[in-house]
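**Student:** Build me a structure from this.
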Amino acid sequence: MEKLLHQFKTVADLKHLGAASKVLYISQPALTKNIQKLEERYGVQLFERHSRGMLLTKFGQLLLKHCIHIECEYTLIDRGIEALSHGKKGDIVIGCGFAYSSLLIPILEKIYNLYPDLSISLVRGEQEYMLQGVLTGEIDFVFTGIDSIISQEKNTVIEYIMDIHYSVVVRSKHPLIQAKNIQLTDLVGYKWLQFALAKDHMFSLQKHFVKNKIEVLDIALTSNCVRAVNYFLHQKDYLMLCPTILAEKEFNATVLDVESLPTIQLPTGAFYLPASSQITYIRDILDFICNELKKNITSIYNL
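**Tutor:** The predicted structure follows:
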């Protein structure tokens with residue numbers, strides 16, 4: 001990255017000229033002068049001095065975003081050249097949303113057999129964290145829901161794979177399991193657990209209940225911790241909305257067949273930087289996983 005931009009990014013990251021000058025091995029007056037050069041080049045103020053340190057202006061925020069992309073491009077260039085010149089299968093980092101984690105495990109086993117030289121890291125986390133990881137080059141590609149956050153990021157490629165369906169699930173001892181022709185009104189009176197990553201879908205279900213003049217759902221616990229939600233689900237007769245494909249695998253839960261339940265689904269797929277897909281082994285792995293997922297959609301939903 002150009003020297004002045006690198007220095008600007010370091011100040012933006014550390015929010016302090018003195019700390020940045022030590023990291024960059026440059027005197028503070030020289031660093032101040034270089035920041036001023038950048039401001040003169042663009043004709044705008046990039047930082048504002050506060051008691052909390054050097055804070056970015058709206059112009060500085062825009063420049064920082066571009067600096068992150070530039071730095072990522074340099075990293076990808078290095079990886080691409082190394083892979084092309086040495087034929088090396090390097091490291092690859094795959095991110096995934098909650099619903100994809102169980103789906104990817106058997107596919108990764110196939111990849112290990114096909115690419116023994118490849119080192120794979122699989123990370124699961126909040127969507128915003130993974131999006132930031134893609135933009136900085138720390139994550140090569142992510143499989144997750146395609147919502148407004150993902151769709152608005154113009155610097156990434158979005159590749160649709162499938163819709164993830166959501167169902168109401170319960171523990172094996174729940175009285176509704178024995179019921180026939182379960183109606184929406186039969187769900188009233190039970191407390192709900194809300195897995196944080198299904199919050200938007202719970203909101204859609206809430207609206208459907210209100211529209212049909214049924215009592216609002218009584219949510220007892222909201223958590224993004226799988227272990228916590230799973231523990232509570234098996235303690236009492238709770239109801240929970242979760243991806244159908246994970247009901248048995250993740251929660252050992254039973255899907256209720258509820259009549260008049262609205263279809264709740266989330267379009268999902270892969271997103272990544274265009275430059276990432278130019279690296280041969282990353283493109284090969286991405287294509288392999290996407291093909292395996294699409295090929296197994298029928299068996300995934302037991303159709």
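
**Student:** State the number of residues packed around the closest residue to A220 other than its chain neighbours.
**Tutor:** Among residues not flanking A220 along the chain, K191 sits closest, at 4.0 Å (C-beta to C-beta, 6 or more residues apart in numbering). Where you see a C-beta, it was placed from the backbone N, CA and C, and this is true even at glycine. Counted with other C-beta atoms under 10 Å, residues neighbouring K191 total 15.

**Student:** now K249
**Tutor:** Neighbour count of K249, defined by other C-beta under 10 Å: 13.

**Student:** next one: Y272
**Tutor:** 21.

**Student:** So what sits opposite it in the bridge?
**Tutor:** Beta bridges link Y272 to F141, V157, judged by DSSP bridges.

**Student:** got the contact list for it?
**Tutor:** Residues counted as contacts of Y272 (C-beta atoms under 8 Å, 6 or more residues apart in numbering) are V134, D140, F141, V142, T156, V157, E159, L286.

**Student:** Can you tell me which of the residues you listed lies closest to P267?
**Tutor:** Closest approach to P267 among the contacts of Y272 (C-beta to C-beta): E159, at 11.3 Å.

**Student:** separation between that closest one and T32?
**Tutor:** The span separating E159 from T32 equals 45 Å under the rule C-beta to C-beta, to the nearest Å.

**Student:** roughly how far apart are the residue nearest to A220 and A253?
**Tutor:** From K191 across to A253, the span is 15 Å (C-beta to C-beta).

**Student:** In this structure, what residue spans correspond to helices?
**Tutor:** 3-14, 17-24, 28-42, 58-86, 101-114, 127-136, 148-151, 199-211, 226-233, 247-251, 280-295, 297-300 (DSSP state H).

**Student:** quick one, which of those is nearest to D218?
**Tutor:** Of the helices of the chain, nearest to D218 by C-beta to C-beta is helix 199-211, at 10.7 Å.

**Student:** pLDDT on that closest one, on average?
**Tutor:** Over the span of helix 199-211, the pLDDT mean works out to 82.

**Student:** L221 reaches V229, doesn't it?
**Tutor:** Yes. The pair L221 / V229 is scored as a contact, 7.2 Å apart, by C-beta atoms under 8 Å.

**Student:** The two: which is more packed in?
**Tutor:** Comparing L221 with V229 by other C-beta under 10 Å, the one with more neighbours is V229, at 22 against 16.

**Student:** so the more buried one sits right up against M240, yeah?
**Tutor:** Yes. If you go by C-beta under 8 Å, V229 and M240 touch, sitting 7.0 Å apart.

**Student:** and for those two, which residues touch both?
**Tutor:** L193, F195, F251.

**Student:** what's the burial count for the second one?
**Tutor:** Under the neighbour criterion other C-beta under 10 Å, F195 is assigned a count of 26.

**Student:** wait, what's in contact with the nearest residue to it once chain neighbours are set aside?
**Tutor:** In space, and not counting its chain neighbours, F195 is closest to V229: 5.2 Å by C-beta to C-beta, 6+ apart. By C-beta under 8 Å, 6+ apart, the contact set of V229 is L193, F195, L221, S223, M240, F251.

**Student:** roughly how far apart are V229 and S223?
**Tutor:** Distance from V229 to S223, by C-beta to C-beta: 5 Å.

**Student:** quick one: low-confidence ranges for this structure?
**Tutor:** For the chain, the stretches with pLDDT under 70 are 1, 72-73, 75-90, 148-149, 151, 197, 297-303.

**Student:** circling back to that earlier point, need the contacts of Y272 in CSV with distance to H69 and neighbour count, can you?
**Tutor:** Below are those laid out as CSV (distance: C-beta to C-beta, whole Å; neighbours: other C-beta atoms under 10 Å):
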residue, distance to H69, neighbour count
V134, 11, 24
D140, 15, 25
F141, 16, 26
V142, 17, 26
T156, 11, 20
V157, 14, 17
E159, 20, 16
L286, 20, 22
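
**Student:** which of those lies closest to Q127?
**Tutor:** V142 (8.3 Å).

**Student:** what about the closest residue in space to I146 that isn't next to it in sequence, how many residues close to it?
**Tutor:** The spatial neighbour of I146 that comes closest, neighbours along the chain excluded (C-beta to C-beta, 6+ apart), is P267 at 4.8 Å. Residues near P267, counting by other C-beta under 10 Å, number 15.

**Student:** for the one 3 residues further on, same thing?
**Tutor:** A270 is flanked by 25 other residues according to other C-beta under 10 Å.

**Student:** Quick check: L266 touching Y166?
**Tutor:** Yes. Here L266 reaches Y166: they are 7.3 Å apart, a contact under C-beta under 8 Å.
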